[in-house]
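Asks: Give me a model of this one.
(chains A and B)
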Amino acid sequence: MARVVVDVMLKPEILDPQGQAVQRALPRLGFEGISDVRQGKRFELEVDGPVDEAALARIRDLAESFLANTVIEDFTVKVEEGAEVAEAAK
Amino acid sequence: MSRTPLDTVEHAAATPDVELPWAELGLKKDEYERVVEILGRRPTGAELAMYSVMWSEHCSYKSSKVHLRQFGEKAPESDALLVGIGENAGVVDVGQGYAVTFKVESHNHPSYVEPYQGAATGVGGIVRDIIAMGARPVAVVDPLRFGAADHPDTKRVLPGVVAGIGGYGNCLGLPNIGGEVVFDACYQGNPLVNAGAIGVMRHEDIHLAKASGAGNQVILYGARTGGDGIGGASILASETFDDAKPSKRPAVQVGDPFQEKLLIECTLEAFREKLVVGIQDLGAAGLSCATSELASNGSGGMRVTLDDVPLRDSTLSPEEILMSESQERMCAVVEPAKVERFLEICAKWDVIATVIGEVTDGDRLEIFWHGGKIVDVDPRTVAHDGPVYERPYARPSWQDELQADDANKLPRPATSEELREQVLKLVASPNQASKKWITQQYDHFVQGNTVLAQPEDSGMIRVDEESGLGVAIATDGNGRYTKLDPYTGAQLALAEAYRNVATTGAKPLAVSDCLNFGSPEDPAVMWQFAEAVRGLADGCLQLGTPVTGGNVSLYNQTGEAAIHPTPVVAVLGVIDDVARRTPVAFQEEGQLLYLLGDTREEFGGSAWSQVIHDHLGGMPPVVDLERERLLAEILISASRDGMIDSAHDLSDGGLIQAVVESALLGGKGARLVVPDGLDAFTFLLSESAGRALVAVPRSEELRFNDMCGARGLPVTRIGVVDGDSVEIQGEFTLSLADLREAHENTIPSLLA
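Replies: All right, here's what the predicted structure looks like:
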């Protein structure tokens, strides 16, 4: 069993109303010095079997077609530190 | 940043040989040459950005303008029209000092690419048009068209679009009171997402998009400007001038309805304190459009410092800032003495507001960036003097064949049993089925002034709580009719919307339209467009309802295949007291059912021909606008004088569709008799125009008949409200339970 993490973020050019709401709230709550906040989604996938290139390719495919809306979002796929890795993922 | 020398006006004059990517920005060679001729030099990158977006089909109406002129030339005399075509939206006098502004626009392509955000920002855009006129938005409507209901991509597009409309509109606190949902394979790659909005104001509150008075300040307020919605500008910015930039900016915009809500309140407060000289919303073409239109509609010029525009992304180039279509932004012109108060109001609503320029006494629009002048143009040449094309048009060769393929000759049901089956199949077909699953996702009653909402014939909103004054709006269009005969099809759309408004008891006053067509470069499409506009303009003249504005959406096609020509017509009406409205639902057993108007054998383009035979051919129903006007007068009088308790317009699906809807909504059945001279099939399924079904209380029967007789409207008593089934005497009976299951399960089972 290994864990693969998919992070989904709105593309940098896309308006992020949630992130902006958080950013605006910060100074009101006394937290200074944060000029921008962008909020994303993190998926933790428990993978059966080895996390080899084929498994990662499958995960990239599911991330692209289902977890992320690639019209407005980017995503990254990474294997969680400490997990068994069949081969060095990029 | 490693930008090579800023492309200022001076730089452009000194480097005439620099090649600009005008073709990539969508300009034709002669259009680019015209820009060079106007300026007397090559344009700067920023100027090219402005001309290219403002001279695009979407902003300049270059293919449609020559035809749209008819809406002005043939405009009927109307005391009601306060502001006509050309402003952000038309304004109509509805009496008691109130004015109403309304408009329909398209957001078709973005909604196909990203259904949720595309549809949501469509709502946002039309609402800002309403605010820009000085009105408080009070309701939205959404005429939608998708591909085949059972096509897998429809299941991607429709739920996203519906959620986007609901999400944005519900967050704004605006009731969604009307619209349509139509399925047809021709919209598979080109769904039509049209959005309409209504706003209410007092006469004295009308505001226009113009910048007058030298020294007045230009204030940009609302959301920060980001890289969204930039189509071609990125080419200009990245590939020609600075290869290091991300070369593909997304063309999709993301909306923030809570920001828009603040914008509404903030703008209305500024209006209330009379702080605003001129105002414009930022929609397509963003700042390019707002600055050039404000300046060219005013008396002077304008000077803008682009460095002062608040940015969400500091790497944006000036070209991108000018073209950005970031949502929820507006531009106001304010006298210097009132700027402080204006900014205070914005701060109170947590809206970012920045002075970005001022009105000058010259006649140039000048824009500066990092101290250099990057734009120096006559704003009229950008905003109004765009290219105008007399595109060739020709009646397509297949039109005769299509019209000769007569739907009246299709095989008809041979037995009562077959007729019953076909009726059941029709009321369950996606286009005729209940759209409750869709419309229930919208808030209909927020603000507490909604009198009628879908599935009523028109949406109705109370304007004045004391007097009961209200307005009604209906949107209609039928691409199948229009394909068969564009002139007649456009008039049928107008007639149906007009009739729908009258059916609820309101008097039709004015029209807005959203004209959805294929590529204007195809002479066949251009002919459809020309014919439809001519039909609509003639129809509006005859009905006395001027077109107050609208929108044209061209290039709705996939490859060679254009959508059916689809003019969507919105008619606005006024009712003195909303308590007098007429609903669709049957109210009381024993009431008499009357069919108003004439029924002929008319099946061309009908729902029956589509559902039973998958056929499109022949001629659409005949239009008689004088009859429509008479029918409307009768419906309005009958409603005002309490002679009818329910009424339903007859359109696609014919009489039986109307009876089934009224019965299911009221939970009361009906017994019908086929009148002499008609066969049951024609009686139930013909789509002859100019007809309505009304339920008359027995006590009013004499008075109602007398009125119709005196005014010469054919009326036929066809039955009575009764029981818990729909019975066609001598033919068949369908229980309400069976009908309900057929009518209401289709859409959820396909899409939920």
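Asks: For the residue in the stretch 551-700 of chain B positioned nearest to chain A, give me its contacts.
Replies: With distances taken as CB to the nearest CB, the stretch 551-700 of chain B approaches chain A most closely at B:T558, which sits 18.3 Å away. In this view, the C-beta of every residue, glycine as well, is placed from N, C-alpha and C. B:T558 makes contacts with B:Q188, B:G189, B:N190, as judged by CB atoms under 8 Å, 6 or more residues apart in numbering or on different chains.
Asks: Verify the contact between the last one and B:S106 for me.
Replies: No - with contact taken as CB atoms under 8 Å, B:N190 and B:S106 are classed as non-touching, separated by 10.6 Å.
Asks: Of these two, which one has the most company?
Replies: Using other CB atoms under 10 Å in any protein chain shown as the criterion, B:N190 and B:S106 rank with B:S106 on top: 27 against 24.
Asks: what's around the closest residue to chain A within chain B, how many residues?
Replies: Closest contact between chain B and chain A, by CB to the nearest CB, is at B:G227 (3.4 Å). Neighbours of B:G227 under the rule other CB under 10 Å: 29.
Asks: Would you mind naming what in chain A lies close to chain B?
Replies: Taking CB under 8 Å from any CB of the partner chain, the part of chain A that reaches chain B is made up of A:10-17, A:20, A:24, A:69, A:71-72.
Asks: Out of the residues you listed, which two are the most distant from each other?
Replies: Spatial extent of the residues of chain A next to chain B (CB to CB) is set by the pair A:R24 and A:V71 at 26.3 Å.
Asks: Which one of these two is surrounded by more residues?
Replies: Legend: neighbour count by other CB under 10 Å for A:R24 and A:V71, higher for A:V71 (17 against 11).
Asks: Which residue comes closest to the more buried one once chain neighbours are left out?
Replies: The spatially closest residue to A:V71, leaving aside those adjacent along the chain, is B:E114, at 4.6 Å (CB to CB, 6 or more residues apart in numbering or on different chains).
Asks: I figured that neighbour hits A:T70, correct?
Replies: No - with contacts counted by CB under 8 Å, B:E114 stays clear of A:T70, the gap being 10.1 Å.
Asks: Tell me which of these two has more neighbours.
Replies: When neighbours are counted by other CB under 10 Å, B:E114 and A:T70 differ, and B:E114 comes out ahead with 21 against 14.
Asks: Neighbours of residue 20, how many?
Replies: Defaulting to chain A. Burial measure for A:Q20: 20 neighbouring residues, criterion other CB under 10 Å.
Asks: Sorry, I should have been clearer: chain B.
Replies: For B:L20, the neighbour count with other CB under 10 Å is 24.
Asks: so it, which of the three states?
Replies: What DSSP: H, G, I helix; E, B strand; the rest coil gives for B:L20 is coil.
Asks: per-residue confidence for B:E204?
Replies: The predicted structure scores B:E204 at 83 on the pLDDT scale.
Asks: Oops, could you answer that again for B:P175 instead?
Replies: B:P175 is assigned a predicted lDDT (pLDDT) of 96.
Asks: That one and B:V715, how far apart?
Replies: Distance of B:P175 to B:V715, given as CB to CB, to the nearest Å: 35 Å.
Asks: Looking at those two, which is more packed in?
Replies: When B:P175 is set against B:V715 and neighbours are counted by other CB under 10 Å, the residue ahead is B:P175, at 24 against 17.
Asks: surely that one meets B:G448?
Replies: No - look at B:P175 against B:G448 with CB under 8 Å: they stay out of range, at 9.0 Å.
Asks: where does chain A have its least confident helix or strand?
Replies: Taking mean pLDDT, DSSP states H and E as the measure, the helix or strand of chain A with the lowest value is helix A:17-28, at a mean of 90.
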